[in-house]
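[1] Would you be able to build a 3D model of this:
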Amino acid sequence: MTHDDGEDVADSPSDRSAEDTNGNDASVTTYRRTFLKGSAATLGASAIPVSAARASETGANRSKRQVRTDTGSEGMVSTVHPQATKAGADVLRNGGNAIDAAVAAQFALNVVQPHGSGIGGGGFMLVYMAEEDELYSIDNRERAPLGATSEMFLDDAGEPIPFEKRITLGEAVGVPGTLRACDVATKRFGTRELSELIAPAIELASGECPVTVNEHLASVIEEERRKFNDAARSVFVPDGEPLQPGDELVQPSLADTFRQIRDEGIGPFYNGEIATATADVVQEHGGSMTIDDLARYNVTVDHPDVGEYGDLTVRTQSLPSSGGLTIAQLLGLLEEFDLRQYDRRSAETYHTLIEAFHLAYADRGEYMGDKALVDAPWQGLLDEEYIDQRRSLIDPDSAGLANADPGDPWAYQPGDPYRVSTRKHDGSESSKRLKSPLRSDLGQTTHFTTADSEGNLVSWTSTIEQFFGTGIMVPEHGFMLNNELTDFDAKPGGPNQVEPTKRPLSSTSPTILFKDGKPFMTIGSPGGKTIITTILQVILNVAEFGMSLPDAVVEPRIYADVDPAVVWEEGVPAASRRQLGRLGHDVEETSTSLGNVQAIAVRDDEYFGVADGRRDGSVIGL
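    Numbers count the residues shown, from 1 in each chain. Coordinates of the predicted model:
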């Protein structure tokens, strides 16, 4: 039996035990426990507390993929970077709540992970307020400026500008919402002033608290350096040499910007000196953004979408993120298959998932867009008869749903569509959504999650789109600008075409699960369109296959959308891949890492936090 490079694995998931970072048997009991569907008992590693310093892994992924875990009764913070996690945990120790901790972590992430998120981007934030017993969504998705046009990503011949060029254009920059979200969340749900919560980030950016470049950041700088403007090069490629692992990362301009926000609030960013600098640099790169676009920006406070799976209620982001509807539809498609009858890594399980992915992504691409401007058939997409009809297309013995046509959910929804333009299902090339490179869906974005002693929870996914966004840094202000508008369809004519003030379709899926009306688990991940399948598989691993939360996160993932290609992680057995090929699936030849989950399980008297080891995840419990 071998586990290297995804070769055949004889042991089933239920036989794998916890191990330490050196691959030795850990002193804790096995992560696997007998599972009653939806039981919170299985979410933690064991009854024995696991320290934050211990990285746990399954035998099938030894030295390849780890999780870090911790427990705490007074609070929990899980992020992708130790210094951001510490910033959030320190806020909790000093009496702040989960919302305060999340805001502090977001500012810190702007410094230590400048390629993944920051005040030049946006995202989606779920907030559960225990005293109100209410779940809110703070939608801070970037918006198209008033000068945006439906054809702005087409060349003179009317063809889409190549993707690799499109993502570097000023036209790609959406009006950023992260800072507005920090301000609104703090005022509505927090207990601390924004000026206090930004202080740790100032110390990190100024060098007062040193930040060391890790291997991940160094590799991203090397890969993305060619798209940097002069301001970005001066920080990340000083004197023409990209920063290396172990180098100190000092960002004095960003520190000054944070000091200005600390002293003056968010006004200068949206309607002042910083706004002017932002609009100027966007226009220098061909975009249309003005200071008026920034001044008019605001977040939307909404309620998440709802899906059901057994006795779990899954609540995640609504449109313009496709995450909520698509995850809910996938849960509906899959629940009747009773996947637990198969081994988790069997060809039968993977085949069913892949075919369901093909169907759900076909509907996603056809019908979803910004709900403020597009009428999506959300009731029809989740209608039981419609889901039954779509599920009936899945043949257990043959793959045949790649490039499947979307269904007709409007036939299952009251009323007729309005404010929407849909493509004809004639199979013509013009009616198909343009493909984007898979690499555009793998790296960008960061997810983090927090909890406090009062039972409040935050699940927040934040992004500047591709790593380092457009590569454009706002001169003298030190933050990177997103390229989020490339999430619009380059060709006009569908619900996700470019329009002024519109929010581009997203796959971001910050999620909070409930059981018996009480919070059960928070979860989220980066990864573009792969976010949806990552979150979906972790939920299934817990709710269907009975895995503990650490095992559910470590378990290798697969990905497919409307296209034939099936992407897989190391650990997916070679025998299963061969069988998938015989069924007719187009399985990629080499493995690819998918997602990076941060999660918190809510137990009766404590929290159990998990940070994915696919990046440098970090978790601290109080």
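[2] Going by C-alpha atoms from here, please, whenever you check contacts or count neighbours.
    OK.
[3] Confirm for me that Val299 is in contact with Arg180.
    Yes. Contact criterion Cα atoms under 8 Å: Val299 and Arg180 qualify, at 6.7 Å.
[4] Would you agree Tyr386 is in contact with Trp410?
    No. Applying Cα under 8 Å as the test, Tyr386 and Trp410 come out as separate, 9.6 Å apart.
[5] Now do the same contact list for Ser321.
    Gly369, Asp370, Leu505, Ser506, Ser507, Thr508, Ser509 (Cα atoms under 8 Å, 6 or more residues apart in numbering).
[6] Please name the bridge partners of it.
    Ser506 (DSSP bridges).
[7] who touches both of Val299 and Arg180?
    Joint contacts of Val299 and Arg180 (Cα under 8 Å, 6+ apart) are Asn140.
[8] Which one of Tyr386 and Trp410 is surrounded by more residues?
    Tyr386 (22 against 18; other Cα atoms under 10 Å).
[9] Contact partners for the more buried one?
    Gly380, Pro409, Tyr412.
[10] Make sure I have this right: it is in a helix.
    Yes. If the criterion is DSSP: H, G, I helix; E, B strand; the rest coil, then Tyr386 is within a helix.
[11] Can you give me the distance of it to Leu393?
    According to Cα to Cα, to the nearest Å, Tyr386 stands 11 Å off from Leu393.
[12] can you check Gly365 too?
    18 Å.
[13] What pLDDT does the model give His81?
    According to the prediction, His81 has pLDDT 96.
[14] For it, give me its contacts.
    By Cα under 8 Å, 6+ apart, the contact list for His81 reads Leu109, Val112, Gln113, Asp616, Gly617, Ser618.
[15] Would you confirm that the last one contacts Ser78?
    Same thing as Ser618. Yes. Taking contacts as Cα under 8 Å, Ser618 lies within contact range of Ser78: 5.8 Å.
[16] Which of those two has more residues huddled nearby?
    Ser78 (35 against 29).
[17] Specify the beta-bridge partners of that one.
    Thr449, Val619.
[18] need the contact list for it.
    85, 448-450, 598-600, 609-611, 617-620.
[19] Now the closest residue to Met473 other than its chain neighbours, what are its backbone angles?
    In space, and not counting its chain neighbours, Met473 is closest to Met480: 4.3 Å by Cα to Cα, 6 or more residues apart in numbering. Here is the backbone geometry of Met480 (degrees, to the nearest 10): phi -80, psi 150.
[20] number of nearby residues for Met480?
    Using other Cα under 10 Å, Met480 has 30 neighbouring residues.
[21] pLDDT value on the residue nearest to the spatial centre of the chain, please?
    The centroid of the chain falls nearest to Pro526 when counting by Cα atoms, centre = their mean (3.1 Å). Confidence at Pro526, expressed as pLDDT, is 94.
[22] Does it touch Asp612 like I think?
    No. Counting by Cα under 8 Å, Asp612 is not a contact partner of Pro526; they are 11.2 Å apart.
[23] Check the contact lists of these two and give me the overlap.
    Joint contacts of Pro526 and Asp612 (Cα under 8 Å, 6+ apart) are Asn596, Val597.
[24] how about the contacts of Tyr386 in TSV, adding neighbour count, secondary structure and pLDDT?
    Rendered in TSV, the data for these read as follows (neighbours: other Cα atoms under 10 Å; DSSP: H, G, I helix; E, B strand; the rest coil; pLDDT from 0 to 100):
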residue	neighbour count	secondary structure	pLDDT
Gly380	19	helix	96
Pro409	21	helix	96
Tyr412	18	helix	95
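[25] For Arg345, what are phi and psi?
    The phi/psi pair for Arg345 (degrees, to the nearest 10) reads phi -100, psi 20.
[26] just to revisit the earlier point, who touches both of Ser618 and Ser78?
    Joint contacts of Ser618 and Ser78 (Cα under 8 Å, 6+ apart) are Thr85, Ala611.
[27] Burial check on Ile512, number of neighbours?
    A count of nearby residues for Ile512, using other Cα under 10 Å, gives 27.
[28] Surely it touches Pro519?
    Yes. With contact defined as Cα under 8 Å, Ile512 and Pro519 form a contacting pair (7.1 Å).
[29] Tell me the pLDDT of Ser421.
    Ser421 is given a pLDDT of 51.
[30] For the remainder of this discussion, apply numbering that starts at 25.
    Right, with 25 as the first residue, what we last looked at is Ser445.
[31] Distance check, the residue lying closest to Leu481 once chain neighbours are set aside against Gln275.
    Leaving aside its sequence neighbours, Leu481 sits nearest to Ala475 (Cα to Cα, 6+ apart; 4.5 Å). Plainly put, Ala475 is 30 Å away from Gln275 if you go by Cα to Cα.
[32] Compare neighbour counts for these two and give me the winner.
    Between Ala475 and Gln275, counted using other Cα under 10 Å, Ala475 has the larger neighbour count: 34 against 21.
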